[in-house]
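Trainee: Below is the structure, and that's it, no one-letter string:
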């Protein structure tokens, strides 16, 4: 089993806009294993009125993958998680205790609107921390405000978010702006985790291949281990601090 942990992946079919069928789920996980990932955290989108599910349904789907996982040449653990959209419904969900962490830890993966960082972004981080949860901000390099000014991601990190970068950003999957912002954040040591955010086998193949190579080129083997092994392993089981 590999050491790497992918804590942001849309490999579970039937939950969101990720894998479209069981065959795609299996192929994405196979590609992860081939690249050295021994653990992947299924993080289907949760958006009111668009994508909604609970932990029990996701656990059942993961359990049903047993035979598929057993047939892989390299063992892979699939853990439950979610990617929550921070909108006007989020505070109510938080108060009702409806948020689920990544694996057995306290970290919660969240995403902001792509075009503009909302004024309440800092408040969301504070409220999550007060509830004993640790927010991980998904792919900030893709947000318009951060693409234009990477320093905005640093401000969000200072407000209490941990930062998760997409491997695909490093190979231009989302355009030149996100790639440059991603490289800037890595070089400034402002990234806590890196994930694939893979929705399809094609994306998985590129992120686990070219993306992983690009990450190693920027941060070296030591940085790679910090982002994909040390921090990520701790996040699915316990706290990770900034830095």
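Mentor: Ah, there it is. This one's a predicted model, so the numbers in the text were calculated from it and none came from an experiment. Numbering: from 1, shown residues only.
Trainee: going forward, measure contacts and count neighbours with C-alpha atoms only.
Mentor: OK.
Trainee: State the helix or strand in which residue 91 lies.
Mentor: helix 90-95 (DSSP states H and E).
Trainee: Quick one: classify residue 110 as helix, strand or coil.
Mentor: Here residue 110 is strand, with the state taken from DSSP: H, G, I helix; E, B strand; the rest coil.
Trainee: Based on its surroundings, how many neighbours for it?
Mentor: Taking other CA atoms under 10 Å as the neighbour definition, residue 110 ends up with a count of 23.
Trainee: The chain: strands as residue ranges?
Mentor: With DSSP state E as the criterion, the chain has strands at 4-9, 37-42, 45-46, 77-80, 83-85, 107-111, 134-138, 162-166, 193-195.
Trainee: which outside residues touch the fifth one?
Mentor: Strand 83-85 has contacts (CA atoms under 8 Å, 6 or more residues apart in numbering) with 8, 43-47, 108-113, 138.
Trainee: And for the third one?
Mentor: For strand 45-46, the surrounding residues in contact (CA under 8 Å, 6+ apart) are 15, 16, 51, 52, 53, 82, 83, 84, 85.
Trainee: Please report which of those residues has the highest neighbour count.
Mentor: Among those, residue 82 has more neighbours than the rest - 27 neighbours, counting by other CA under 10 Å.
Trainee: I'd like to know the phi and psi angles of that residue, please.
Mentor: Here the main-chain torsion angles of residue 82 (degrees, to the nearest 10) amount to phi -170, psi 160.
Trainee: how about the strands of the chain, which one is nearest residue 59?
Mentor: Proximity to residue 59 (CA to CA) singles out strand 77-80 among the strands of the chain, at 6.5 Å.
Trainee: chain center to the closest one: distance?
Mentor: Centre-to-centre, strand 77-80 and its host chain are 13 Å apart (CA atoms, centre = their mean, to the nearest Å).
Trainee: What of stretch 5-22?
Mentor: With CA atoms, centre = their mean as the basis, stretch 5-22 stands 11 Å off its chain's centre.
Trainee: so what's residue 17 up against?
Mentor: With contact taken as CA under 8 Å, 6+ apart, residue 17 is in contact with 10, 199.
Trainee: Quick check: phi and psi on residue 119?
Mentor: phi -60, psi -30.
Trainee: Around it, how many other residues sit close by?
Mentor: Around residue 119 there are 8 other residues, counting by other CA under 10 Å.
Trainee: Identify each buried residue in stretch 211-220, please.
Mentor: 211, 212, 213, 214, 215, 219 (16 or more other CA atoms under 10 Å).
Trainee: Show me which of the residues you listed is closest to residue 160.
Mentor: Using CA to CA, residue 219 comes nearest to residue 160 of the buried residues of stretch 211-220, at 23.4 Å.
Trainee: Could you report the separation of the closest one from residue 213?
Mentor: With distances taken as CA to CA, to the nearest Å, residue 219 is found 10 Å from residue 213.
Trainee: give me the low-pLDDT residue ranges for the protein?
Mentor: For the chain, the stretches flagged by pLDDT under 70 are 1, 238-243.
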